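S.K.: any chance you could fold what I've pasted below:
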Amino acid sequence: MNVPEFVPNLIAGEERPALSGKTFDKCDPCKGTPLFSVARSEAADVAEAVRSARASQPAWGGLPAVRRGMVLHDVVRLMEDRREEIAQVVHRETGKSMKDALGETQAAIQVGLFYASEGQRLYGRTCTTGVPNRFSMTVRQPVGVAGLIIAANTPIANVAWKVFPALVCGNGVVLKGAEDTPATAWLFGRIAREAGLPDGVLNIVQGLGPEAGQPLVEHPDVGVVSFTGSARVGKLLGRIAGERLAKISLELGGKNAFVVCDDADIDSAADWAILSAFSNAGQRCVAGARIIVFESVYEAFKRRFLERTGELRLGSGDGDDFGPVINGRQLANMIASVKKAVDDGATLLTGGDRLKDAAHADGFFMAPTVLENVPPDAPISREELFGPICCLYAVPGFAEALALANDCDYGLSACIHTGNFHRGIAFCQAVETGVAVVNAGTFGSEPHMPFGGTKNSGNGSREPGTEAIDIYSDLKDIYIHTDKGKL
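M.R.: Presented below is the predicted three-dimensional model:
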């Protein structure tokens, strides 16, 4: 599929430009040239979308959850039928290969299937009571209007991650599309309508974060907000939502530790470290940016890791390992951060700048970058860069590795490579993260598993998994009294 020339909003079942008529350009990250224009929404557009969601929610929420799930099954089936089309849009917007875009689309389909099936399992519970002749139970009810704000790194997966659980719980939805991947959100909206989702239940506003995202969080009729993005923005939105006591789920950044012990399979560890640090151009909140290696195997690991890094191919083809970063602003920030680290004494082992050869010079391609001799308190050791950049650290042993892994403002994911079962379990129990992995990568969430972090990585909420149902629904206690004298 060719991407459209203009990406509009979707409000009350209609595709509309922004009320102001304003637009912005979305650039091709492989070429640095405009791909299409996008509706630049503002508070008035957000208000229209919230009004639509609020008006349509009672009828949608009034459907039995099983029937809502069946409608969402129809959306999933149509996504399967149009899998190539979705992947093509993801490929064009992000610059990742079609192979990776297809894999992401399949993951989104799996998320949709999981949550559509939750319509048959939207459980409350029956409870005991200390009062005679009383029956007690809990039931789940929709919150009302859900405001969803997503990131651009895995656009169709991020849409599915939030939209499906919000809808199966019976909410009206306003999705703020990621400004760097607006066409993916737009296409999902079209598919949902064609599959039979009632008009107005899902509304999509395009635009920039301060102009469209923040007004969505501020709107008094939005009962629950779910945001994926940076810790800086997440803290701002958390304060805004807190002022009006709205529910909010924050899935924020990571600066994830990848530990290599002296008994690790060095080749396997190096391969997994490459995937953790560089896959999706490092644009993963679970990217392995801090690689912590026991001193006794540090040189052997470094040699193998740099060999593998040198073999990586950048581009948007299926034979390439990863593509560009999403925009020029991000690229410039990465280059500046690496330069500061080197100026402050870090050793640049490879990379450090954009690719400047003829095949890559016009795009936003950041060379895979590895540094060492970086202090743990240096900015590049502590700030999420969201790009293909990692630092190597040498430590004497397990205690020091664990301490360095935990010496971080984030707590999303961590991984350890070891042949010692006891060491692996001890690490998983003691590392201060929401996700812990042994002998693989720092990534690997599945639709049925809760995902989220501690510290600056989030506010304790978990999405996906059945735990997300708690975000998008409210529990109500019900007490029924009976009179045995009337039997």
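S.K.: which helix or strand in the chain has the lowest average pLDDT?
M.R.: strand 125-127 (a mean of 92; mean pLDDT, DSSP states H and E).
S.K.: which other helices and strands contact that one?
M.R.: Applying 3 or more C-beta pairs under 8 Å, 6 or more residues apart in numbering; DSSP states H and E, we find strand 125-127 packed against strand 134-142. C-beta coordinates here come from the backbone N, C-alpha and C atoms, glycine included.
S.K.: which outside residues touch the following helix or strand past the strand it packs on?
M.R.: The helix or strand immediately downstream of strand 134-142 is strand 145-149, counting by DSSP states H and E. The set of residues external to strand 145-149 that reach it, using C-beta atoms under 8 Å, 6 or more residues apart in numbering, is 50, 53-54, 57, 162-163, 166, 171-176, 209, 213, 216-217, 219, 221-229, 237, 472.
S.K.: ok, stretch 52-61 next?
M.R.: With C-beta under 8 Å, 6+ apart, stretch 52-61 has contacts from 11-12, 68, 141-142, 144-146, 167, 170-174, 198-201, 203, 221.
S.K.: average pLDDT for it?
M.R.: Computed over stretch 52-61, the mean pLDDT rounds to 98.
S.K.: pull out the buried positions in that stretch.
M.R.: 52-54, 56-57, 60-61 (16 or more other C-beta atoms under 10 Å).
S.K.: same check on stretch 6-19?
M.R.: Neighbour-count burial for stretch 6-19 [16+ other C-beta under 10 Å]: 7-13, 15-19.
S.K.: ok, stretch 389-398 next?
M.R.: 389-395, 398.
S.K.: repeat that for stretch 299-307.
M.R.: 301-302, 304-306.
S.K.: so for it, what's the average pLDDT?
M.R.: 98.
S.K.: name the surrounding residues that touch it.
M.R.: Taking C-beta under 8 Å, 6+ apart as the rule, stretch 299-307 contacts 260, 266-267, 269-270, 273-274, 291, 293, 349-350, 370, 372, 392.
S.K.: now do stretch 127-141
M.R.: Contacts of stretch 127-141 (C-beta under 8 Å, 6+ apart): 61, 65, 122-126, 169-170, 469, 473-484.
S.K.: mind listing which of those are in strands?
M.R.: Residues of the contacts of stretch 127-141 located in strands (DSSP state E): 125-126, 473-481.
S.K.: looking at those residues, spot the one nearest residue 188.
M.R.: The closest of those to residue 188 turns out to be residue 473 (C-beta to C-beta; 22.1 Å).
S.K.: how far away is residue 297 from residue 395?
M.R.: Residue 297 sits at a distance of 11 Å from residue 395 (criterion: C-beta to C-beta, to the nearest Å).
S.K.: and the two most separated of the ones in strands among the contacts of stretch 127-141?
M.R.: When the ones in strands among the contacts of stretch 127-141 are compared pair by pair using C-beta to C-beta, the maximum separation belongs to 473 and 481, at 25.6 Å.
S.K.: of these two, who's got more company?
M.R.: residue 473 (24 against 11; other C-beta atoms under 10 Å).
S.K.: ok so, going back, and of the buried residues of stretch 52-61, the nearest to residue 253?
M.R.: For these, the nearest to residue 253 is residue 53 (28.4 Å; C-beta to C-beta).
S.K.: grab the nearest non-local neighbour of that closest one.
M.R.: Nearest in space to residue 53, with sequence neighbours left out and distances taken as C-beta to C-beta, 6 or more residues apart in numbering, is residue 172 at 3.2 Å.
S.K.: pretty sure that neighbour is touching residue 200, no?
M.R.: Yes. In this structure, residue 172 is within contact of residue 200 by C-beta atoms under 8 Å, at 7.1 Å.
S.K.: circling back: which pair of the buried residues of stretch 52-61 spans the longest distance?
M.R.: Pairwise distances across those (C-beta to C-beta) peak at 14.5 Å, for the pair 52 and 61.
S.K.: what is the neighbour count of the nearest residue to residue 177 once chain neighbours are set aside?
M.R.: The shortest distance from residue 177 to any non-neighbouring residue, by C-beta to C-beta, 6+ apart, is to residue 185 (3.3 Å). Neighbours of residue 185 under the rule other C-beta under 10 Å: 28.
S.K.: which SSE is residue 185 in?
M.R.: helix 182-195.
S.K.: what's the closest of the buried residues of stretch 299-307 to residue 115?
M.R.: Nearest to residue 115 among those, with distances taken as C-beta to C-beta, is residue 305, at 38.1 Å.
S.K.: now the strand or helix carrying the closest one, how far from the centre of its chain.
M.R.: Following DSSP H and E, one finds residue 305 within helix 295-310. Relative to the centre of its chain, helix 295-310 is centred 30 Å away, using C-alpha atoms, centre = their mean, to the nearest Å.
S.K.: name the SS class of residue 352, please.
M.R.: Following DSSP: H, G, I helix; E, B strand; the rest coil, residue 352 is assigned to coil.
S.K.: give me the number of residues near it?
M.R.: Residue 352: 19 neighbours (other C-beta under 10 Å).
S.K.: go on, residue 218?
M.R.: Residue 218: 18 neighbours (other C-beta under 10 Å).
S.K.: hmm, back to that, out of the ones in strands among the contacts of stretch 127-141, grab the one that's most surrounded.
M.R.: residue 473 (24 neighbours).
S.K.: what is the nearest of the buried residues of stretch 6-19 to residue 452?
M.R.: residue 10 (28.4 Å).
S.K.: could I get the pLDDT score of that closest one?
M.R.: 98.
S.K.: same question for residue 445.
M.R.: 83.
S.K.: next one: the one 5 residues further on
M.R.: Here, the pLDDT recorded for residue 450 equals 93.
S.K.: follow-up on the earlier one: can you tell me which of the contacts of stretch 299-307 is nearest residue 242?
M.R.: Nearest to residue 242 among the contacts of stretch 299-307, with distances taken as C-beta to C-beta, is residue 291, at 36.4 Å.
S.K.: quick check: beta-bridge partners of that closest one?
M.R.: With DSSP bridges as the criterion, residue 291 is bridged to residue 258, residue 392.
S.K.: just to revisit the earlier point, so which of the buried residues of stretch 6-19 sit within strands?
M.R.: 7, 9-11, 15-16.
S.K.: which of those residues sit farthest apart?
M.R.: Between any two of these (C-beta to C-beta), the greatest distance is 13.5 Å, for 7 and 11.
S.K.: mind showing which ranges of this structure have poor pLDDT?
M.R.: 1 (pLDDT under 70).
S.K.: can you list the domain ranges for it.
M.R.: If you go by automatic domain parsing, the domain ranges for the chain are 6-252+458-476, 257-438.
S.K.: got JSON lines for those domains, with distance to residue 451 too?
M.R.: Conversion of these to JSON lines gives the following (distance: least, C-beta to C-beta, whole Å):
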{"stretch": "domain 6-252+458-476", "distance to residue 451": "6"}
{"stretch": "domain 257-438", "distance to residue 451": "7"}
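S.K.: so which of those is nearest residue 444?
M.R.: Per C-beta to C-beta, nearest to residue 444 of the domains of the chain: domain 257-438, 6.3 Å.
S.K.: quick one: terminal-to-terminal distance for that closest one?
M.R.: Length of domain 257-438, first residue to last, C-alpha to C-alpha, to the nearest Å: 12 Å.
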